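**Q** next input, structure requested:
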Amino acid sequence: MKSFNIIALTIFAMCVLGCKSPNSEVTNSVVESDTTKVEAPTTDTLVSNQSSDKSNVSDYSIAYVNVQQLQESLQKFDFYKKWNERLLQKESKSTKELKSAQQKLQAELEVFQQKYQSGGFLTKESFEQEQTRLYKKDQELQALQMRLEQEFANEQIKLTKQLMDTIDTFFKIYNADHRYKMILNRADLLYADESMDITSDVLEQLNLRYSTQKK
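**A** Numbers count the residues shown, from 1 in each chain. Below you'll find the predicted structure:
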């Protein structure tokens with residue numbers, strides 16, 4: 001009985017440790033595959049991926065400019081000074097015209113009031129006719145004021161549009177080599193790296209172009 005136990009234990013150990021079933025190779029392969037070590041991405045890996053993404057973005061050249069700074073620079077040019085001078089002259093002329101009409105109406109209103117207080121109107125009809133005439137003149141004066149203000153505003157719009165057209169035309173020439181896929185206005189950006197700022201170069205080229213044309 002004792003010898004049987006030894007033989008039985010020996011056979012059991014051989015079966016467990018040494019004997020292979022027909023599918024044992026497949027099973028071991030699966031186990032080895034399942035136990036393959038999977039490493040989490042490290043910080044270096046993430047930075048490397050981000051750098052790769054940035055390199056892809058850099059393929060699309062983007063820059064920005066300070067348009068307000070460009071407009072301020074354009075205001076130093078002769079074409080702007082001449083236009084602005086014409087605008088100021090128009091404003092002065094409109095102001096004088098409106099002021100003259102206001103003073104004339106005010107004088108007529110004072111005469112009307114004095115005539116009424118002194119009983120100068122012989123009939124009710126003559127009083128109402130003069131009152132209606134002055135009322136129409138007041139309406140005409142208000143219409144004149146609105147028209148002059150609108151004309152002045154239109155001139156300002158034209159000047160601003162000319163400035164923007166000058167900038168647009170310049171950028172078509174500036175980027176004729178298509179080095180930039182997109183040039184943005186700094187005022188419309190929440191954040192942009194300063195390396196994308198080409199305002200200084202644009203101002204230099206703009207001044208150079210203007211000086212060349214002036215000569």
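**Q** any idea which helix or strand comes after the longest helix along the chain?
**A** Secondary structure of the chain read by DSSP state H shows that its longest helix is helix 124-174. Going down the chain from helix 124-174, the next helix or strand is strand 182-185, by DSSP states H and E.
**Q** and the contacts of that following strand?
**A** Residues outside strand 182-185 that contact it (CB atoms under 8 Å, 6 or more residues apart in numbering) are Y60, S61, I62, A63, Y64, V65, V67, F171, N175, A192, I198. Bear in mind the C-beta positions are built from the backbone N, C-alpha and C, glycine included.
**Q** just the CA coordinates of it, formatted as CSV?
**A** Extracted C-alpha coordinates of strand 182-185, given in CSV (Å, rounded to 0.1, in the frame of the first residue of the first chain):
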residue,chain,number,x,y,z
MET,A,182,-4.0,82.7,-43.2
ILE,A,183,-3.4,86.2,-41.8
LEU,A,184,-5.6,87.2,-38.8
ASN,A,185,-6.6,90.4,-37.0
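**Q** now that strand: mean pLDDT?
**A** Per-region confidence: strand 182-185 scores 92 on mean pLDDT.
**Q** got it, and stretch 91-103?
**A** 92.
**Q** and that stretch, which residues are buried?
**A** Buried residues in stretch 91-103, counted by 16 or more other CB atoms under 10 Å: E91, S94, L98, A101.
**Q** returning to that earlier point: the contacts of strand 182-185: which two are farthest apart?
**A** The most widely separated members of these, counting by CB to CB, are Y60 and V67 (21.2 Å).
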